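In: fold the following and give me the result.
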Amino acid sequence: MKKTEQETLKQLFEIARSLSSTLDIDTLLKRIGEAAEQLTEAEASSIMLVDDDKENLFFKVATGEKSNILKKLRVKIGQGIAGTVAQTKESLVVDDVSKDSRFSGSFDKSSGFVTKSILAVPILLGNEIVGVAEVLNKKNGQSFTEDDKIILQSLASFASVSIVNARFAEDQKNFFVYIIEIVIQGIESRNAKLTGHTAKVAQISTAIARHMDLNQQDYKDIYYAALLHDIGYLSTTKSTFIETHPNMGWEMIRKINILKGAAPIILSHHEMFDGSGYPKGLIGEAIPIGARIISLAEYVEDMHAEGHSYDKIALMIQSNSSKFDPKAAEIYLSEIAPLQRTEVTA
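Out: Residues are numbered from 1 along each chain as shown. A predicted model of the protein is given here:
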């Protein structure tokens, strides 16, 4: 096997492996564009995607100093080289663009690039056109070959997979966000006093967490736990929900993979640092750090809902210091409380 063929297969394999390691479509498409440029020995490359209106292409990835200018431009489907490829869903090789009536020099004028030859292939999801991949100007004045077309078509297939994965991830994220919103509305509907409570507890909890030496996953777990800390209210009767909702909340979400780190925080968010909390009476660092943070944040909001000023709440925390994680309390008093007082007086 020739060295160039080995290098081609190696790069294609690396891109294929990247598809399973990241859902960042911008990074993946940039990598695909760079590989297309290298493997076809072209001077430049671009990846265009179909706009939401299904009538135009926009530049998602483009190389060169003026690539930012290109990203503001649109190509009408059915017009130009790329627009024709999008319309026909067939690849095109143009050895001399000056002799092709479909070529428009407007993009060259905007970017300062001089296009001489183009290889363009469709990016397809099944039979749906989602974009066009192009390489421009084969180096040394040569023409793009059939091998070049096969390589670019393979890379376009990778781009298609990237787009599918990104869309699926975005749909999942959209679903997850709105389901949580619905759950929060359900929680707060159990008691009029809870309206807005969840968002405020999450805001204080994440503000404290940002000042702690926590990794990204710990921070996410605290954020989700703060949003869902009272989810157990949905599965308990009003006569028992105070005592039982931490356990019920833990039971409800512990088998959800994305929330498994939040489950023990929800279970322990009513534990107190001195062991006076519930459901297990845990003491000190036996309580998950996220639960210690949310316990303090919820105390602040509960006291504020009862009519206490933030100045008074700060004094209450100091006089009950044994109940709260010392570091979380220190961060709240020094970093968060002054901002809350400013908001009230503004």
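In: okay, stretch 180-199 in CSV with CA atoms only?
Out: What follows is stretch 180-199 as a C-alpha-only set of coordinates in CSV (Å, rounded to 0.1, in the frame of the first residue of the first chain):
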residue,chain,number,x,y,z
ILE,A,180,-37.2,19.8,34.1
GLU,A,181,-39.2,23.0,33.6
ILE,A,182,-42.5,21.0,33.6
VAL,A,183,-41.4,19.1,36.8
ILE,A,184,-40.5,22.4,38.5
GLN,A,185,-43.9,23.8,37.7
GLY,A,186,-45.4,20.6,39.2
ILE,A,187,-43.4,20.9,42.3
GLU,A,188,-44.2,24.6,42.9
SER,A,189,-47.9,24.0,42.2
ARG,A,190,-48.1,22.0,45.4
ASN,A,191,-47.7,25.2,47.5
ALA,A,192,-48.1,28.8,46.4
LYS,A,193,-45.2,29.8,48.7
LEU,A,194,-42.9,27.7,46.5
THR,A,195,-43.3,29.9,43.4
GLY,A,196,-39.9,30.9,42.2
HIS,A,197,-38.3,29.0,45.1
THR,A,198,-36.5,26.4,42.9
ALA,A,199,-34.8,29.0,40.7
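In: which stretches of the stretch 201-346 of the chain form helices?
Out: Taking DSSP state H, counting those that start in this stretch as the criterion, the stretch 201-346 of the chain contains helices spanning 216-228, 241-253, 263-267, 289-305, 310-319, 326-331, 337-345.
In: tell me the buried residues in whichever strand in the chain runs longest?
Out: Taking DSSP state E as the criterion, the chain has its longest strand at strand 128-138. Neighbour-count burial for strand 128-138, counted by 16 or more other CB atoms under 10 Å, picks out 129, 130, 131, 132, 133, 134, 135, 136, 137, 138. Placement of C-beta: from N, CA and C, glycine included.
In: the first one is in contact with residue 122, isn't it?
Out: So that's residue 129. Yes - contact criterion CB atoms under 8 Å: residue 129 and residue 122 qualify, at 5.7 Å.
In: okay, and the common contacts of these two?
Out: Shared contacts of residue 129 and residue 122, defined by CB atoms under 8 Å, 6 or more residues apart in numbering, are found at 86, 89.
In: could you measure the closest residue to residue 271 other than its chain neighbours against residue 308, distance?
Out: Once flanking residues are discounted, residue 271 sits nearest to residue 277: 3.9 Å by CB to CB, 6 or more residues apart in numbering. To residue 308, residue 277 is 20 Å away according to CB to CB, to the nearest Å.
In: how about residue 106?
Out: Distance, residue 106 to residue 308, by CB to CB: 65 Å.
In: again, but for residue 47
Out: For residue 47 relative to residue 308 (CB to CB), the value is 57 Å.
In: can you check residue 211 too?
Out: Separation of residue 211 from residue 308 (CB to CB) stands at 23 Å.
In: could you list the low-confidence segments of the stretch 101-250 of the chain?
Out: For the stretch 101-250 of the chain, the stretches with pLDDT under 70 are 238-241.
In: got a list of what the closest residue to residue 313 other than its chain neighbours touches?
Out: The shortest distance from residue 313 to any non-neighbouring residue, by CB to CB, 6+ apart, is to residue 303 (4.8 Å). Residue 303 makes contact with 312, 313, 316, according to CB under 8 Å, 6+ apart.
In: now do residue 303, the pLDDT please.
Out: Looking at residue 303, its pLDDT stands at 95.
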